[in-house]
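Peer 1: based on what follows, work out the 3D shape:
(chains A and B)
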Amino acid sequence: MSLIKLEQVTKRYVNGADCVIALQEMNLHVAEGTFLGVMGPSGSGKSTLLSVLGCLTCPSSGQVTIDGIDIYGLSTEKQADFRREYLGFIFQSHNLIPYLNALENVMLPLAVSKFSSLEKRQRATSMLERVGLEARLLHLPQQLSGGEQERVAIARSLVNNPPLLLADEPTGSLDTATSQQVMSLLDELHREGQTIVMVTHNQDNMAWFDCTVHLRDGRIAKEVCGSGEDLAQAM
Amino acid sequence: MRLEHIVLHNLRRRKGRAIFLVVGLMIGVATVVTLLSLTDALSQRAQHELENFGANIIITPHSDQMALSYGGVQLGGVNLVTEEIRQDSLARIDDIPNRRNVATIAPKVLGTIEIEGQRLMMMGVDPLAEFKLKRWWSIAGRPVQQGRELLVGDAVARRLQLVMGDTVQISGQDFTVVGLLAKTGSQDDQLLITPLLVAQDVLSKQGVVSMVEIAALCHDCPVADMVNQLQQVLPGVDVQAVQQVVKTRMHALDQFRMFAWGVAVTVVIIGALLVFVTMMGAISERTREIGIFRAIGYRRRHVLHLILLEAAIVSALAGVLGYVAGVLATLTALPLLEGGGKAPWHWNPSLALIAIFAAVLVGLLASLQPALRASRLEPSEALRAL
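Peer 2: Numbering: from 1, shown residues only, chains lettered A, B, ... in the order given. Model (predicted):
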């Protein structure tokens, strides 16, 4: 069953007389539990695709359905609710709030939920334990390493148990060893059934994906599914 | 973890901006509180003086002749009273529209008597009204109450060598001295004061009075209007307003009050602009955060809540500190303005509440536009600004 459906999605950025087409009549179906890699050169539309999937950028045309919901048919406030309940974001630069400690950063999406204070704390603590940061709960982001910050960001993206995890270059600013740790963590989540869409430049990450789509000029140039080796050969 | 925690953490982290905002608003609130407290205290002082000064309206029999005296110095001309005031006509004072402003009506009858071959002036008074009006009188013994009792002015007591308990014969009747009036430096020193009915009887002026003093005990009541109203109900008399000194002072205070309000409004506008500019800067600085909040599912109203709550906390703090600073400034300035006199400052809970409420209101109104702007930020645009 497809968790994500993109039907003829086009996104144009118009700036005066200039018009840049970031996505062109894109069709994409992603089944539940898939770990999808999105690759392509700069300007190919990877980030726009993630932004459209993340209910952050309304496409110029076409339809985006996630879990059967036409997300751009929702009101602005309902879209916010959708993001909170259905999506987890992992940003390239972690995007942690600098004046909140690790635990508070993870609790951030829960601040506007109806959970009790105790439940929020338990959920966030458990998520940080899950990513191996049980000893760093009260540390501020600047007191954490890049890898630790990335893991806090992952914990934050998962604390609401979202059906879909969207990751934008999560290993982009990490060294090789830390990148491997982060990818292992994502793989572990994937094996537990988490659907993940991850944008990356790094060819080495392909081995972790179930499927990879290669974008060029806003179109899917290639879509390959299979084991890591199959993907590497196909690309 | 709630939105309030995020706001408090943010304020703690950005202490510099929060302190700047608090100090800026605090100065504004303190200025307004100081100005309003000063005008209030000075007005109360003036009102107190007005009340203690006694009458502010005098009714005398009508006379076509100009008085040729000044400060007790007679220059030859003597007023020839054509007709005295009928006592029963005073009931018409109750008919004037500003009757509620009339606090005391003190009728008196004046006339000359002879004691031991010396001509002296007797004044018959309504004891309750008169002694309420002349609060500055210092009496050894007690005021007259009823019957043939005398309160003797200082000059008369010296001349006749009267002491408490003495009996004086006037027009064949015995009067007892029940009180001695301490020296006032005015014509009161030359009076023999007795109850009105007794004086009317002695002076053969039954049913008439020589003059009436009226106290309108309010600092801003329309004395000029009241004079006109009294003149209308008492057509055959002269009605005059007195206490020009106090009135002049009240006028000056009114002007000071207007100036204070002008400054207060200016300060409030400057304070609002300060909050507005600071909050706009804060929103630009926090675009990244707002983008994150929106991306992880915060509604627009959640962002609005964050910004306005921050403004409310800072403004309330500024309101409290500003009020305290304003009170301290008032207590420091009042003795200087009163020439070293006693500062009549009283804690006004309403002003405290209004100061804090106004500070929060100004803070919220000035933050509303920046907050709306923040809440309308598209998450994709905010994140692109990273």
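Peer 1: can you give me the strands for chain B?
Peer 2: B:57-61, B:69-70, B:73-74, B:85-86, B:102-115, B:118-125, B:139-141, B:149-152, B:167-170, B:173-181, B:191-195, B:208-209, B:211-216, B:237-241 (DSSP state E).
Peer 1: then chain A?
Peer 2: Under DSSP E, chain A gives strands at A:2-15, A:18-31, A:35-39, A:61-66, A:69-70, A:87-90, A:164-168, A:195-199, A:211-216, A:219-225.
Peer 1: OK, contacts around the closest residue to chain B within chain A?
Peer 2: Relative to chain B, the nearest point of chain A is residue A:84 (2.3 Å; C-beta to the nearest C-beta). Quick note: C-beta positions are derived from backbone N, CA and C, even for glycine. For residue A:84, the contacting residues are A:109, A:112, A:113, A:160, B:296, B:297, B:298, by C-beta atoms under 8 Å, 6 or more residues apart in numbering or on different chains.
Peer 1: related to what we said a few turns ago, pipe the strands of chain B into TSV and attach mean neighbour count and distance to chain A per row.
Peer 2: TSV is the format used below for these (neighbours: other C-beta atoms under 10 Å in any protein chain shown; distance: least, C-beta to the nearest C-beta, whole Å):
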stretch	mean neighbour count	distance to chain A
strand B:57-61	20	68
strand B:69-70	10	78
strand B:73-74	8	82
strand B:85-86	18	80
strand B:102-115	18	62
strand B:118-125	19	76
strand B:139-141	15	73
strand B:149-152	26	78
strand B:167-170	15	90
strand B:173-181	18	76
strand B:191-195	26	79
strand B:208-209	22	80
strand B:211-216	22	62
strand B:237-241	17	67
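Peer 1: so which of those is nearest residue B:376?
Peer 2: strand B:211-216 (58.9 Å; C-beta to C-beta).
Peer 1: what residues does the closest one touch?
Peer 2: With C-beta under 8 Å, 6+ apart as the criterion, strand B:211-216 contacts B:51, B:54-61, B:85, B:90, B:93, B:98, B:101-108, B:110, B:132-133, B:223, B:226, B:230.
Peer 1: pLDDT wise, what is residue B:168 at?
Peer 2: For residue B:168, the pLDDT comes out at 90.
Peer 1: same check, this time on residue A:139
Peer 2: Looking at residue A:139, its pLDDT stands at 92.
Peer 1: list the contacts for the nearest residue to it once chain neighbours are set aside?
Peer 2: Leaving aside its chain neighbours, residue A:139 sits nearest to residue A:102 (5.5 Å; criterion: C-beta to C-beta, 6 or more residues apart in numbering or on different chains). Shown in contact with residue A:102 (C-beta under 8 Å, 6+ apart): A:128, A:133, A:136, A:137, A:138, A:139, A:140, A:141, A:144, A:148, A:152, A:155.
Peer 1: name the nearest of those relative to residue B:208.
Peer 2: For the contacts of residue A:102, the nearest to residue B:208 is residue A:140 (92.7 Å; C-beta to C-beta).
Peer 1: so who does that closest one touch?
Peer 2: Per C-beta under 8 Å, 6+ apart, neighbours of residue A:140: A:98, A:99, A:100, A:101, A:102.
Peer 1: likewise for residue A:214?
Peer 2: A:39, A:40, A:220, A:221, A:222, A:223, A:224, A:235.
Peer 1: again with residue B:207
Peer 2: Per C-beta under 8 Å, 6+ apart, neighbours of residue B:207: B:86, B:87, B:88, B:200.
Peer 1: cool, and residue A:90?
Peer 2: A:150, A:153, A:154, A:157, A:165, A:166, A:167, A:168, A:170.
Peer 1: what's the closest non-adjacent residue to residue B:230?
Peer 2: In space, and not counting its chain neighbours, residue B:230 is closest to residue B:239: 4.5 Å by C-beta to C-beta, 6+ apart.
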